[in-house]
Each structure stands twice: as C-alpha cells, then as structure tokens.
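**Student:** with the input below, show me the fold.
(one chain, ligands or ions: 1)
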Amino acid sequence: MIYEEAVAENAWRLADGLYRILLPMLWSVPFVSVYLVESRGERMLVDAGVDTETSLRALGRALKAIGVQSGGIDTLLLTHGHPDHAGGAASVQRRWGGRMLLHPADMHRRGAEGADVRQWAAAQGVPQDAVEAFAKFRPNGGVDLGDDVTALDPRAPIRLGELSFDVVEVPGHCPGQVMLHEAGRGWLFSADQVVEPEAANVWLVPGLTGDPLGAYLASLRRTAAIEAGLVLPSHGLPLRGGLAEHVGRQLRFQEEYVERVRGLVPEAGASTWQVAAGLEPAMRDPSVLLEVLAALSHLQATHRLRRDGQGVWRHTER
Ligand SMILES: [Zn+2]
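**Tutor:** Numbers count the residues shown, from 1 in each chain. Reported below is the predicted structural model:
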C-alpha cells in the first residue's frame with residue numbers, strides 16, 4: 001500500500017486515484033488541502049481553495065503534474081461555502097470545468113452587513129468604540145460562486161467511475177457543510193468537521209440564529225460512528241484510522257468549553273460582550289465573541305441559561 005507519494009511540490013498520491021493538493025491561504029490557518037479523485041477517466045475535485053492568483057497557480061502546477069488538462073474536471077464538489085473552500089470555485093470552474101455542487105443551505109449566504117451588524121452588535125453589548133470593527137468583519141468573506149452552481153442533493157450519492165460517495169450532512173461549522181464517504185475504499189472527506197481537537201470550530205455569525213453548536217455536537221456524534229480507514233480533512237494531515245477517538249476528543253473539548261462559558265455568567269447576568277471579555281479581556285479578535293455567542297445560545301437551547309428582553313444572559317432557576 002502506498003503511504004504518500006509526492007507527485008509535485010504541493011501534491012501527494014495517497015492511494016490509487018486519490019491525490020491531496022496543498023494550497024496557500026490568507027489567514028492564520030496557513031494551508032487548505034483539496035483532493036482530486038480519479039476513476040475510469042472521470043475526475044472530481046473536492047474544494048477549490050481561496051480566490052487568489054497564488055492559490056490558483058499552485059493548484060495549476062499540481063493538476064498539471066497529476067495529468068489533468070484544462071477542462072479536465074467533471075465534478076467540483078464544495079464541502080461548504082467558506083472562502084477557503086469555495087472562494088476559488090468560479091475561477092477553478094472557468095479553467096478546469098466541472099459541475100459545481102454545493103449544499104443549498106450554504107448557497108446565497110453572505111451574512112448580515114452594515115446597519116444590521118451595528119444593531120446586532122448593540123444587542124450583544126458591544127461598546128460603541130468596538131462596533132466598527134464588527135461592522136467591517138466579514139465572516140463569510142463574500143464568496144462569489146458565479147452563475148453555474150448546482151444545489152447538491154444530499155440523498156443522492158455522487159458517482160464517479162466505479163466509485164460512489166455518500167453525502168453526509170454535518171451542520172454546525174456552517175449550515176450546509178457536507179462530508180463525502182466512499183464506503184468501499186473507506187475514504188472520508190471530512191472537510192472542517194474533523195479538526196485539531198482544541199480548535200474553535202463554531203461561530204454564531206451576524207445574520208445566523210438558532211443553535212449551531214448543538215447541531216455540531218450532534219453531527220460530531222454521527223461522525224464518530226462512521227467507518228473510515230482514511231480520513232481526509234481540509235486542514236492538517238490525513239488520519240489513518242482512529243476517527244472515533246479523535247472526534248471524541250473534539251466533543252470533550254467543546255463540551256468543556258460550553259461549561260467554561262456558563263461559569264463566566266455571573267449571578268446578576270451579563271451581556272455577550274461581558275461574558276466574552278471574561279475569556280479574552282482585550283477582545284482583539286471579533287471571532288471570540290461569535291464563538292462565545294454560539295456557546296451561550298447552546299446553553300439557552302438546552303435550558304441552562306435564558307436571555308432577557310435586554311439581551312442579558314441569566315442562569316435559569318433550579
Ligand atoms: Zn470552514
């Protein structure tokens with residue numbers, strides 16, 4: 001069995017017809033992996049990377065080394081709508097073709113902007129001098145997919161040559177994230193569902209409501225039950241086995257985080273901002289507030305906290 005065979009500076013063959021391609025990013029996470037799958041002359045690219053010339057050139061070098069000509073991709077599957085996965089999709093499709101597939105829950109989702117965000121920030125108790133930072137914050141990066149995108153039907157397996165990929169819906173990290181499972185080969189394309197256990201992974205962004213962290217915990221439990229000998233995450237190295245243990249660590253970290261956030265709510269109640277300031281007093285990173293808000297909303301959904309008319313979080317009476 002092949003372990004990882006380099007085929008280009010940024011591409012490795014992991015198994016027959018399976019390649020990992022590493023692409024540069026823009027933010028603190030340095031790289032994203034996209035995957036090329038080939039079977040009987042058909043090709044699928046899983047994710048597209050960010051929309052920069054540097055990333056497109058790196059993808060071009062890797063695909064050339066693998067032997068993919070321009071127009072040579074049949075399916076361009078986007079695991080979710082975040083800019084490091086879907087940002088480059090329109091450019092990739094223009095050059096290499098392919099039917100672009102994305103879960104409908106992640107289509108046309110640009111999030112709230114401007115005035116809406118100011119109003120949202122006020123409801124979280126964000127002080128006046130910090131509101132502008134949030135009004136400028138673009139958690140979804142304004143991804144433009146172009147016009148040629150097809151809504152993914154999660155009930156229909158994706159067929160490629162002799163392979164068949166089940167679509168596994170894993171909401172939480174964002175509403176429309178999916179994983180692909182090729183049961184015969186034991187491959188799981190795990191997107192941003194399988195991450196370093198101690199990483200923040202759910203943010204309640206302006207414009208979203210509900211309990212995405214609750215959805216994430218539930219989808220993590222379903223993920224742990226999947227049989228996969230080769231797990232292919234978008235960030236970090238592939239995992240050869242050990243999925244249930246790895247996901248178990250992610251679950252424990254998230255559950256402990258939720259309890260920690262609950263412990264930061266004083267008896268007299270507090271705004272989202274005040275709770276978040278208990279974790280990170282300087283609050284230089286707006287995403288901390290969004291992560292705390294996801295935890296508070298989960299505590300509310302599970303009746304451990306309530307929120308009064310002024311947006312103040314309070315413990316429920318026991
Ligand atoms: Zn993501």
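
**Student:** the residue of the chain found nearest the ion: how many residues sit nearby?
**Tutor:** Nearest residue of the chain to the ion, counting by Cβ to the ion: residue 82, 3.5 Å away. Bear in mind the C-beta positions are built from the backbone N, C-alpha and C, glycine included. The local packing of residue 82 (other Cβ atoms under 10 Å) involves 23 other residues.

**Student:** do you know how far it is from residue 143?
**Tutor:** 8 Å (Cβ to Cβ, to the nearest Å).

**Student:** phi, psi of the residue of the chain closest to the ion?
**Tutor:** As for residue 82, its main-chain torsions (degrees, to the nearest 10) stand at phi -70, psi 150.

**Student:** right, and it touches residue 191 too?
**Tutor:** No. Look at residue 82 against residue 191 with Cβ atoms under 8 Å: they stay out of range, at 9.3 Å.

**Student:** re the thing from before, and the pLDDT for the residue of the chain closest to the ion?
**Tutor:** Predicted confidence (pLDDT) for residue 82: 92.

**Student:** do residue 317 as well
**Tutor:** 75.

**Student:** same thing with residue 240?
**Tutor:** Residue 240 is given a pLDDT of 94.

**Student:** for it, give its distance to residue 11.
**Tutor:** 19 Å.

**Student:** equivalent analysis for residue 158, please.
**Tutor:** Applying Cβ to Cβ to residue 158 and residue 11 gives a distance of 22 Å.

**Student:** so what's residue 182 up against?
**Tutor:** Going by Cβ atoms under 8 Å, 6 or more residues apart in numbering, residue 182 touches 163-166, 188.

**Student:** which ones among the residues you listed come in contact with the ion?
**Tutor:** Of the residues in those, proximity to the ion by Cβ under 5 Å from the ion holds for none.

**Student:** what's the ChimeraX line that selects buried ones from the residues you listed?
**Tutor:** Applied in ChimeraX, the following selects the buried portion of the contacts of residue 182 according to 16 or more other Cβ atoms under 10 Å:
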select :163,164,165,166,188
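
**Student:** can you list the contacts of residue 182 in TSV and add pLDDT and distance to residue 244?
**Tutor:** What follows is the contacts of residue 182, written out as TSV (pLDDT from 0 to 100; distance: Cβ to Cβ, whole Å):
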residue	pLDDT	distance to residue 244
163	98	24
164	98	23
165	98	21
166	98	18
188	98	12
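
**Student:** among the contacts of residue 182, name the ones in strands.
**Tutor:** Assigned to strands by DSSP state E, the following of those qualify: 163-166, 188.

**Student:** just checking, residue 186 touches residue 226?
**Tutor:** No. Look at residue 186 against residue 226 with Cβ under 8 Å: they stay out of range, at 9.7 Å.

**Student:** mind showing which ranges of this protein have poor pLDDT?
**Tutor:** The chain contains residues with pLDDT under 70 at 1-2, 27-29, 108-115, 137-142, 318.

**Student:** and it, which of its residues are near the ion?
**Tutor:** 82, 192.

**Student:** note down every partner strand of the top strand by length along the chain and its orientation.
**Tutor:** Determined from DSSP E, the single longest strand within the chain is strand 31-39. The sheet places strand 31-39 alongside strand 18-24 (antiparallel), strand 42-46 (antiparallel), with pairing taken from DSSP bridges.

**Student:** and for that strand, what are the contacting residues?
**Tutor:** By Cβ under 8 Å, 6+ apart, strand 31-39 touches 17-25, 43-50, 59, 62-63, 66, 68, 84-85, 160-163, 189, 232-236.

**Student:** since that was my last question, I'll sign off now.
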